[in-house]
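Asker: Sequence and predicted structure below; questions after.
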Amino acid sequence: MANETIKNIKERRSVRKYIDKKISKEILEEIIDCARLAPTGNNRQAWSFLVITDAEIKSKIASYARYGRFIEEAGACVAVFVNQDKATTSLQDASAATENIMIAAKSYDLGTCWVNSYQKEHSKKIKELVNCPQEMELMTLMSIGYYDEDDVSMPAKKSLSEVMVWDKF
Ligand SMILES: Cc1cc2nc3c(=O)[nH]c(=O)nc-3n(C[C@H](O)[C@H](O)[C@H](O)COP(=O)(O)O)c2cc1C
């Protein structure tokens with residue numbers, strides 16, 4: 001029997017359709033607490049986690065991000081920023097934190113979807129919109145929200161034997 005962590009990892013799926021239900025501040029804080037505990041190169045932690053619940057700001061972000069329109073319907077949106085002058089591993093650091101966010105969210109029955117936002121056209125607009133300090137760069141962006149299980153499709157995944165290699169290729 002898989003433990004809860006394994007279960008949450010295995011059952012996580014990208015969610016792009018959300019129901020209209022508010023996420024509590026306590027849950028969002030707990031999720032970001034998991035993000036900030038992710039590993040970083042040299043333990044630099046040169047990051048900020050911007051949590052957006054304001055409908056107007058979310059709606060603007062959704063309109064900027066061509067492949068993230070669903071952000072508008074999500075209860076929250078999280079943007080991970082890293083100071084690239086201070087962290088040479090910025091993308092890896094942000095990605096580790098992003099996965100923590102997704103798994104922590106899943107443990108609260110919340111769905112997430114990563115929206116590709118590293119050096120994209122919409123990244124600059126989002127930075128401006130949220131008064132992001134010059135030295136910070138948008139690394140990842142994701143939606144978080146409650147959802148209906150029936151709306152989530154199961155993407156095809158490669159089997160373990162297709163991707164796992166022992167000792168040498
Ligand atoms: C770096 C990265 C960028 C992604 N960007 C988008 C995106 O812009 N829009 C979107 O709908 N999904 C995006 N996704 C989600 C993927 O499409 C999804 O993870 C993949 O289809 C596998 O499905 P699963 O997450 O349900 O396992 C992104 C995922 C990653 C890791």
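Answerer: Yes, it's here.

Asker: Just confirm residue 155 contacts residue 15, I think it does.
Answerer: No. At 11.7 Å, residue 155 does not count as touching residue 15 under the criterion of C-beta atoms under 8 Å. C-beta: built from backbone N, CA, C; applies to glycine.

Asker: The two: which is more packed in?
Answerer: Ranked by neighbour count (other C-beta atoms under 10 Å), residue 155 and residue 15 place residue 15 first, with 25 against 7.

Asker: Nearest residue to that one in space, please, no chain neighbours.
Answerer: Nearest non-adjacent residue to residue 15, counting by C-beta to C-beta, 6 or more residues apart in numbering: residue 111, 2.6 Å away.

Asker: ditto for residue 99
Answerer: residue 38 is the one closest to residue 99 (C-beta to C-beta, 6+ apart), at 7.6 Å.

Asker: what does residue 141 give?
Answerer: Spatially, and ignoring its direct neighbours in sequence, residue 141 is nearest to residue 117 (4.0 Å; C-beta to C-beta, 6+ apart).

Asker: Run a quick neighbour tally on that neighbour.
Answerer: Going by other C-beta under 10 Å, the residues that sit close to residue 117 add up to 22.
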